[in-house]
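**Q** here is my input, please return the structure:
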Amino acid sequence: MEDEQPDEGIVEEEVEAEEEIEESTEQEVDQNTDEDSEEDSEEQPEAVEDLQIVEFEGKEYNIPPELKDAIMRQSDYTTKTQEIAEQRKDLDLDRTRFQEAIQLQTAHTEAYTQLGVIDQQLAQFNEIDWNTWATQDPNAAQQAQIQLNQLREQRQQATDKLSSLQAESQQKAHTETARVVEANRSKVEKIVPNWNADTEKAVFDFGLKSGLNEQQLAGTNYDPVLINILNKARLFDELQQKQTVKKTKKSKEPIPQATRVKPKKTNNRTLHDNLSTEEWLKRRNAQIAKRG
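**A** Next up is the predicted model:
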């Protein structure tokens, strides 16, 4: 028995149906893809609008709002860490300078002590009668003279060392003063608005005019508190001077002459309470007659 062959018309219909299904599926996929791309394109601007500009370590970044607080906390932490590091560095420098000052002071004390001991020993030789001693015991007198010469050399060495220590102390004092002045200058620039060379000159001139001398101003080592107070006093003084000048100019302005105003003509025929009874009736009758 022969196998039955499918009808060619039916096969063609099935193929066409499958092609239609595939085309509709592709259209749906393309449509979904277009919708997704449109949604992405619509969402993209919203995401960009939500971003905020935050500066971190000298650079600007676009970040989501929820990360802003974290970035700012990190920035504050970095700033505080740097401040602590600077404070620790300054503390170490202060400790080093303090130790050096203690060592220098100790060296001064030792030099003064040594010089005092030598002077006491030399004072003992001043009481010796060298001629008599040389006659009675020439060897002992000679040994004493050698010892005296050695003490004089030791005293000269102690004096030279003390002078060197004093010079070193003065140099360190000048260096420390310069360092303090430079540090105070930086502080003044931060606390005094618009600080510049002209403002500095104006402040110091005001201090001299207020009774301070140059030595007193130099002795402040550019103290930022004093400079700020002097600047505020200067500005207040300048404001008062301006107000005084303004009042003086105003007082010198010519007083405007009063203009004479001509009195308005009044109708003498009007009625009022100051008229006599006869005059009032006369004017009243005249008004009635005029009205007709």
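**Q** where does residue 172 fall, secondary structure wise?
**A** Element membership for residue 172 (DSSP states H and E) is helix 138-191.
**Q** where in the stretch 151-292 of the chain is pLDDT low?
**A** When residues are selected by pLDDT under 70, those of the stretch 151-292 of the chain lie in 250-273, 292.
**Q** helices of that one, start to end?
**A** 197-209, 214-219, 224-252, 277-291 (DSSP state H, counting those that start in this stretch).
**Q** and residue 158, how many neighbours?
**A** 20 (other Cβ atoms under 10 Å). Glycine gets a C-beta too; all of them are placed from N, C-alpha and C.
**Q** give me every residue that touches it.
**A** Residues near residue 158 by Cβ atoms under 8 Å, 6 or more residues apart in numbering: 111, 114-115, 118.
**Q** for residue 81, give its distance to residue 114.
**A** Distance, residue 81 to residue 114, using Cβ to Cβ, to the nearest Å: 49 Å.
**Q** so those two - more neighbours on which side?
**A** Between residue 81 and residue 114, counting by other Cβ under 10 Å, residue 114 is the more crowded of the two (16 against 10).
**Q** from residue 170, how far off is the closest residue in space to the more buried one that isn't next to it in sequence?
**A** Nearest in space to residue 114, with sequence neighbours left out and distances taken as Cβ to Cβ, 6 or more residues apart in numbering, is residue 158 at 5.0 Å. Taking Cβ to Cβ as the measure, residue 158 and residue 170 are separated by 19 Å.
**Q** now do residue 132
**A** Taken as Cβ to Cβ, the span from residue 132 to residue 170 is 47 Å.
**Q** and for stretch 210-219, what's in contact with it?
**A** Under Cβ under 8 Å, 6+ apart, the answer for stretch 210-219 is 204, 207-208, 230, 233.
**Q** could you redo the last one with a cut-off of 7 Å?
**A** Contacts to stretch 210-219, defined as Cβ atoms under 7 Å, 6 or more residues apart in numbering, come from residues 204, 207.
**Q** cool, and stretch 114-123?
**A** 151, 154-155, 158-159, 162.
**Q** same question, stretch 225-242
**A** By Cβ under 7 Å, 6+ apart, the list of residues contacting stretch 225-242 from outside reads 188, 191-192, 202-203, 206-207, 220.
**Q** show the subsequent helix or strand relative to the strand or helix carrying residue 90.
**A** Residue 90 is part of helix 65-125 when elements are defined by DSSP H and E. Next in sequence after helix 65-125, counting helices and strands by DSSP H and E, comes helix 130-136.
**Q** tell me who's in contact with the residue most central in space within the chain.
**A** Residue closest to the average C-alpha location in the chain (Cα atoms, centre = their mean): residue 190, at 2.3 Å. Counting by Cβ under 7 Å, 6+ apart, residue 190 makes contact with nothing.
**Q** repeat that for residue 224.
**A** 184, 187-188, 191.
**Q** what's the closest non-adjacent residue to it?
**A** Among residues not flanking residue 224 along the chain, residue 187 sits closest, at 4.1 Å (Cβ to Cβ, 6+ apart).
**Q** what's the local residue count around residue 234?
**A** 19.
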